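Student: Predicted model follows, preceded by the sequence.
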Amino acid sequence: MTKTLRPSGGGGRSFRLGAVLIDLHAHSSQSDGTDTPAALVSAASAAGLDVVALTDHDTTAGWQEAIAAVRPGLRLVPGAELSCGVTDEAGRTISVHLLAYLFDPSSPALGREQARLRSERRARLRMMAERMAADGFPVDPDDVLGRLPEDAPGGRPHLAMALVRAGVVNTVDEAFARFLAAGNDYYLPRTDTPVEAAIEMIAEAGGVTVLAHPFARSRGPVVDVRVIAGLAARGLTGIEVDHPDHDTVTRDDLRRIATDLSLVGTGSSDYHGANKAIRLGQETTAPEMFDRLVEKASGARVVVG
Ligand code: AMP
Ligand code: FE
Ligand code: FE
Ligand code: ZN
């Protein structure tokens with residue numbers, strides 16, 4: 001894609017040369033990113049993106065602020081990333097993240113489940129911080145929780161940042177590697193939503209779903225192609241193919257799986273602000289894939305600046 005019509009509020013200057021940049025996975029300070037929703041939207045414009053999606057973990061609390069911050073030249077896709085679990089053929093429960101776009105945020109079933117997840121996440125974050133404090137680490141659970149916006153879902157990155165501030169580690173990544181990754185001493189699991197139920201809830205709310213970083217093996221056990229096929233049969237719309245946690249071979253595998261199962265294949269950065277060394281627009285989605293997602297969604301509109 002080379003020539004694009006940019007949505008422009010100001011008349012005249014509408015064509016520009018270059019690729020259309022669509023990044024459908026980014027976190028704000030409403031979950032575990034460091035940019036406020038408004039700052040994230042401004043950063044997307046500054047990065048030259050045409051489309052950005054706001055996908056905070058288990059909350060839509062950033063939507064309003066993000067929508068108000070959209071300026072000409074940018075389109076915003078309101079979304080979320082839902083913490084889910086799926087049981088594989090061997091009976092193991094695997095943690096998966098489900099990106100959800102353009103759903104009605106006032107859907108009662110969805111709202112209840114997201115509130116449950118946020119509350120569980122906060123309790124879990126407190127318990128992880130308490131366990132570290134009890135072992136003599138200089139972290140204050142009240143301070144870790146007190147820094148979150150009201151009713152925001154806490155996550156391991158918030159504890160990781162506290163460890164950086166306390167000088168225990170130099171980076172968030174180091175905190176995960178030494179203390180917080182699954183299997184490490186201070187890791188605690190969550191009771192996530194069964195992914196089939198989440199797909200159904202989002203579909204009922206008029207939205208579409210994309211399985212986030214399905215083969216991000218560095219994070220722990222991942223699903224296999226049979227599980228993805230099962231989810232496709234249950235209404236999953238797409239899978240994230242190009243993601244910083246997927247190597248070249250993995251991306252090729254996922255692209256083939258998407259084609260075989262008629263799933264939309266996306267690419268996105270999973271931007272978390274200063275919490276990760278990843279740029280907005282580092283990975284992008286092809287315009288025709290984006291169009292397929294938007295065509296299927298009816299629960300909320302793409303916000304045009
Ligand atoms: P939680 O939601 O509390 O289970 O924490 C998971 C979050 O931590 C995800 O949003 C990831 O982006 C982030 N994360 C997972 N692994 C790492 C890592 N090794 N380094 C930095 N961030 C990570
Ligand atoms: Fe995250
Ligand atoms: Fe994720
Ligand atoms: Zn994410």
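Tutor: Yes, it's here. Numbers count the residues shown, from 1 in each chain. Ligands and ions are numbered 1, 2, ... in the order given.
Student: So the residue of the stretch 1-150 of the chain found nearest ligand 1, which state does it fall into?
Tutor: Proximity of the stretch 1-150 of the chain to ligand 1 (Cβ to the nearest ligand atom) peaks at residue 32, 5.2 Å away. In short, each C-beta sits where N, CA and C put it, glycine included. In the three-state summary, residue 32 is assigned as coil, counting by DSSP: H, G, I helix; E, B strand; the rest coil.
Student: And for it, the neighbour number?
Tutor: 26 (other Cβ atoms under 10 Å).
Student: That one contacts residue 274, correct?
Tutor: No: judged on Cβ atoms under 8 Å, residue 32 makes no contact with residue 274 at a distance of 11.1 Å.
Student: still on that earlier bit, now do the residue of the stretch 1-150 of the chain closest to ligand 1 against residue 178, distance only.
Tutor: 18 Å (Cβ to Cβ, to the nearest Å).
Student: Same question for residue 118.
Tutor: Distance, residue 118 to residue 178, by Cβ to Cβ: 27 Å.
Student: Which one's more surrounded, these two?
Tutor: The neighbour comparison of residue 118 against residue 178 (other Cβ under 10 Å) goes to residue 118, with 21 against 15.
Student: Name the secondary structure element that contains the residue in the chain that ligand 3 sits nearest to.
Tutor: Closest residue of the chain to ligand 3, Cβ to the ion: residue 97 (3.6 Å). Using DSSP states H and E, residue 97 sits in strand 93-101.
Student: Show me what that strand is packed up against.
Tutor: Secondary structure elements in contact with strand 93-101, counted by 3 or more Cβ pairs under 8 Å, 6 or more residues apart in numbering; DSSP states H and E, are strand 51-57, strand 75-87, helix 195-204, strand 208-211.
Student: which stretch among these comes nearest residue 185?
Tutor: Closest approach to residue 185 among the helices and strands packed on strand 93-101 is made by strand 75-87 (21.6 Å; Cβ to Cβ).
Student: other SSEs contacting that closest one?
Tutor: By 3+ Cβ pairs under 8 Å, 6+ apart, strand 75-87 packs against strand 51-57, helix 63-68, strand 93-101, helix 108-134, strand 193-194, helix 195-204, strand 303-304.
Student: buried sites along stretch 203-218?
Tutor: 203, 205, 207, 208, 209, 210, 211, 212, 213, 214, 215, 216 (16 or more other Cβ atoms under 10 Å).
Student: ok, it near ligand 4 or not?
Tutor: No: Stretch 203-218 lies out of reach of ligand 4 by Cβ under 5 Å from the ion, never closer than 5.9 Å.
Student: Could you pull up the mean pLDDT of that stretch?
Tutor: For stretch 203-218, mean pLDDT rounds to 97.
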